[in-house]
Every structure is written in structure tokens, then in C-alpha cells.
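[1] Structure, please.
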Amino acid sequence: MEYLVTMTTHVPEGTPDDEVDETRAREAAHSRGLAHEGRLLRLWRPPLKPGEWRTLGLFTAGDAADLEKTLAGMPLRVWRTDEPIPLAPHPNDPDRRLVAQAARTGPEFLTEFTVMTPVDGPDAAFVDALAGEAARTRELALQGHLLRLWALEAEPGTARAYGLWRAEDGDEMHEILETLPLDPWMTVRTTPLSPHPNDPALAQD
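    Numbering: from 1, shown residues only. Sure, this is the predicted structure:
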């Protein structure tokens, strides 16, 4: 099972710089080990406020307890709090081979979708949009824009999902999202992602 984990680090005031540097070095080495084991898939930095130290990580684990064992063993955990979100398979999650064939590079974005089912139930337009969504997401994967889709827990009458994307910038990302057939029924929160020095994907480049 995959989990998206928000990791927020607060180094205690007065901690010597050499201790911080040593802990970060051990964290980098430990992260490489987790990546080799297949437990750590990706790391990103979301937008940060001055002095903020926060990371998003994509992990695999058998269950929540197994994930906690992984997180607890990371050196920075002594100063860090972790907020995991379980990710379920999404029927429109693209085939990795399609994404790889596109070989697109550029900034990545994380989107959180919330789709509201019509109050009176799915009408013809909504049903058509659902069917069109699968075709459109495949097209975007072939173009290298859509990298991953995951389903999230949701309230009755709604559907939620996370998407991982590539686009030239925020404007192109917005334009891409407007082409999704479910756009009229959907709200989207978009987070630009910056590279993390310990991201396993960097080691594959």
C-alpha cells in the first residue's frame, strides 16, 4: 500500500550546527537504503515559509503499523512529526510505461481533486463525463503530463483523489486541469513541488 506523508521538522533552538548536519547526512544515507528496499518512492519539497522545514514523501508499507516502523527509524524523526495519508488504487492511474515513453521533464505538481456528485444523482452529463475522464487521463499520461493518480477516502456523494503531474508552469497546469471532463463538478487544490535532494528519482536520472 502507498502512503503520502507530510514530514515537518522542528530542530530545537540551540542545537549545534554540526549535530544538524550529521543528522541530515544520516537521513540522506538512510533514505537511500529505504529507496533500495522499495519503501521510499519519492520525496518533494512543497512551498515553504521562512524557517519552515517540511517534506512530502511517497512510501510503501504493508499497513499503517509497518509504515510507522519505517518512519520511526529515520534519523530526523527525533525532531520531526509525520502525517500519513493512505492512498488507494485509482482506476485511471496511468500505466508507468506510458509515462516513461513520453519522457517529459519539468516541474511537478500535486493536485487534490474533490468531485461532487449531482444532488439528484448522476445525470447523463455526469455519467458521460466520468467515461470521458478515463480517456482524457490516458491522453495526458501519453503526453507525459499525468504521472500518477490515487483515490482518497471521501464523504458520501463525493469522490477525492490525488494526482501527480508535470507541466511547464502553474499556468499550463491550470489549463490542463480545465480540460478534464469532470471539471464542472470538481474543485482542485494544486501544490507546486520542488526537487528534494534525497528524492530517489534523482538517483535514477
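[2] what bridges to A161?
    F113, A151 (DSSP bridges).
[3] So for the helix or strand where L140 lies, what gets flagged as buried?
    Element membership for L140 (DSSP states H and E) is helix 124-142. By 16 or more other Cβ atoms under 10 Å, the buried positions in helix 124-142 come out as 126, 129-130, 133, 136-137, 140-141. Where you see a C-beta, it was placed from the backbone N, CA and C, and this is true even at glycine.
[4] and the host helix or strand of L202, what's its mean pLDDT?
    Using DSSP H and E, the element containing L202 is helix 200-204. For helix 200-204, the mean pLDDT works out to 81.
[5] Which elements pack onto that helix?
    helix 17-36, strand 40-45 (3 or more Cβ pairs under 8 Å, 6 or more residues apart in numbering; DSSP states H and E).
[6] Show me the shaky parts of the protein.
    204-205 (pLDDT under 70).
[7] How is it divided into domains?
    2-87, 90-194 (automatic domain parsing).
[8] Of all the ones you listed, which one comes closest to A203?
    domain 2-87 (7.1 Å; Cβ to Cβ).
[9] correct me, but Y162 touches A154?
    No - between Y162 and A154 there is no contact under Cβ atoms under 8 Å: 11.8 Å.
[10] quick one, which of these two is more surrounded?
    Neighbour count, other Cβ atoms under 10 Å: between Y162 and A154, Y162 has more, with 21 against 12.
[11] Could you pull out the buried residues of stretch 89-104?
    Buried residues in stretch 89-104 (16+ other Cβ under 10 Å): 90, 92-94, 98-99, 102.
[12] So which residues make contact with that stretch?
    By Cβ atoms under 8 Å, 6 or more residues apart in numbering, the residues outside stretch 89-104 that reach it are 133-134, 137-138, 140-151, 161, 166.
[13] Cheers, nothing more for now.
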